[in-house]
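1. With the sequence up front, the predicted model follows.
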Amino acid sequence: MLEPAYQVDVVIVGAGIAGLSAAHRLTSAGVTTVVLEAAPYAGGRMSTEKVDGFRLDRIGQLLSTSYPELRRTPGLGSLTLRRFAPGVLLHRDGQTHRTGAPATGGSARGALHVVRALASAPRGPAAAPGRAGAPVGGAVDQARLGAALGRIAATPVERLLSRPELPAAQALAARGMPARTVDGFLRPLLAALLCDPELTTSSRCADLALHSFASGRLCVPEGGAEALPELLAGTLAPGTVRTGVRVTSVSTTSVTTAEHGEIRCRAVLLATDARAAAELLPGLRVPDFHPVTVVHHTTDEPAAVLATGTSLLLDADRGGPVAHTAVLSNVDPSRAPAGRVLISSTVLGTPPDDVDTAVRIHLSRLYGTSTRRWETLAVHHTPQAVPAMRPPHDLRRPVRLLAGLYVCGDHRDTSTVQGALHSAHRAAAAILADLGAAGPMHRADPAPTLPRAA
Ligand SMILES: Cc1cc2nc3c(=O)[nH]c(=O)nc-3n(C[C@H](O)[C@H](O)[C@H](O)COP(=O)(O)OP(=O)(O)OC[C@H]3O[C@@H](n4cnc5c(N)ncnc54)[C@H](O)[C@@H]3O)c2cc1C
């Protein structure tokens, strides 16, 4: 049932944020584009499940307002980012320490203030959120940490990327920071930012993560992770994104699909996850992945957890499976029905067998309240959530494989939303340069019709 006349300039394989943002850049430049997505919905890993009025993300909840591509990506102009309180709450030695920082609005000075406030708070008497403590050491240690974060916020990214590269855990040990500062603050923070509990990630990527933390604010998209792909898809002409279409092979001039046969084109952009990309193009590198599990709860007794406000709570004690947790409905009220709370907790690495029970026990310590009657809304486990970035890690992996064949996605950059968008930015630029050099493009049909299903 193939219609041989069917042709577009560019076929994009995969409708995650990388594929969708590349499609927006290409169609805006007058290049006819179709995005083929195997799943029944667009968005890839950035999906949001709706349960009884709650909006439950599969993805962990840590974006940064300083991610440059969130500002630069056309189509995301109306994205609302809901910010966590500056700094973090730290659970250390059985106590929870509040940063006590004012909302200073995402500047390096703000982040430094957070750290100083963290470090200089007097020791509190009990293990309840809001009681003060000294999780990162004494005044000298705090000043050192503040200075280190300040330097990292002020260092240009290209300079960070030219530093010697080690596993992050080794680099932390070599930087002359006191163990208390490293274990009480930097390790749990980096584990959460990198989804890597053992800190095997390249120290350059860890520096980038700290740079983002120190120069911006942790945040979540209002309405859930799916807000990003929805906004991007909404900018494309109807029919540009085709869901339920699995691509089975690619070349520089066509793709073959399981449902619609061959589609001819002038360029193919592979925007799948790393594993699917390597299945279509054997030889592409497949990294290891960090598994991530996100557990969502609600409770009818919200008073105890509401004390955490809009803070992200990290466990520096590693006293259970939860790496970080937050009352997400405080940060973004649209994620829970009126009057209800949503508590979202992230487990890094391979989860224990009965993950929900283990998480509940751990959360009862972290929030200082019984969790026995909490209701579990969802447990989302993603074994291949985040590509590992072990050293040596190339953050600018080539996106142009051949004239006519391109690849993007988080595995070509950093394993983050920022990395996925940035790789798409680079790939779209490479395609436009190649197609521009080859002559005028098809402009007639902004949303071409697919061949009928066979
Ligand atoms: C649990 C979890 C927690 C995370 N935490 C964070 C975080 O805190 N901060 C952060 O910045 N990032 C985080 N990430 C990473 C972030 O979600 C990803 O980097 C980003 O969503 C990747 O987008 P992408 O477009 O590159 O790939 P994907 O979203 O994987 O999109 C690829 C698309 O290709 C499709 N596809 C695959 N094969 C085919 C085929 N043969 N034919 C057609 N379509 C195909 C897939 O169905 C998918 O829709 C997390 C991810 C997960 C899963």
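-> Cool, the structure landed. Every value quoted in this text rests on a predicted model; they were computed, and no experiment measured them.
2. residues from this protein in reach of the ligand?
-> For the chain, the residues in contact with the ligand (C-beta under 6 Å from any ligand atom) are 13-19, 36-39, 44-46, 58-60, 62-63, 195, 246-247, 271-273, 276, 292, 294, 382, 385-386, 409-410, 415-417, 420. For the C-beta atoms, the positions are set from N, CA and C on the backbone; glycine is no exception.
3. Now for Glu226, how many residues are close by?
-> Glu226 is surrounded by 23 other residues when neighbours are defined as other C-beta atoms under 10 Å.
4. Chain neighbours aside, what residue packs nearest to it?
-> For Glu226, the nearest residue in space outside its immediate sequence neighbours is Thr48; the separation is 4.0 Å by C-beta to C-beta, 6 or more residues apart in numbering.
5. Show the buried residues in the residues of the chain next to the ligand.
-> For the residues of the chain next to the ligand, a neighbour count by 16 or more other C-beta atoms under 10 Å gives the buried set as 13-19, 36-38, 44-46, 58-60, 62-63, 195, 247, 271-273, 276, 292, 294, 382, 385-386, 409-410, 415-417, 420.
6. from those, which ones fall inside strands?
-> Those of these mapping onto strands are 13, 36-37, 63, 247, 292, 294, 382, 385-386, per DSSP state E.
7. give me the low-pLDDT residue ranges for the chain?
-> In the predicted model of the chain, residues 1-6, 98-136, 437-454 satisfy pLDDT under 70.
8. again, only this time at 90
-> Segments of the chain classed as low confidence (criterion: pLDDT under 90) are 1-7, 59-61, 86-88, 92-151, 173-184, 259-260, 300-308, 436-454.
9. So for the longest helix belonging to the chain, what gets flagged as buried?
-> Taking residue count as the measure and DSSP state H as the definition, the longest helix of the chain comes out as helix 417-437. In terms of neighbour count (16+ other C-beta under 10 Å), helix 417-437 has its buried residues at 417-428, 430-432, 434-435.
10. And for Leu284, the neighbour number?
-> Leu284 has 18 neighbours, counted by other C-beta under 10 Å.
11. Now it: closest residue in space that isn't a chain neighbour?
-> Taking C-beta to C-beta, 6+ apart as the measure, Leu284 lies nearest to Ala278, with 4.3 Å between them; neighbours along the chain are not counted.
12. quick one: secondary structure of the one you found?
-> Following DSSP: H, G, I helix; E, B strand; the rest coil, Ala278 is assigned to helix.
13. dump the residue contacts of it.
-> Contacts were defined as C-beta atoms under 8 Å, 6 or more residues apart in numbering; by that measure Ala278 touches 284-286.
14. the helices in the stretch 251-400 of the chain, which residues?
-> Counting by DSSP state H, counting those that start in this stretch, the stretch 251-400 of the chain has these helices, from start to end: 274-280, 303-306, 328-331, 355-367.
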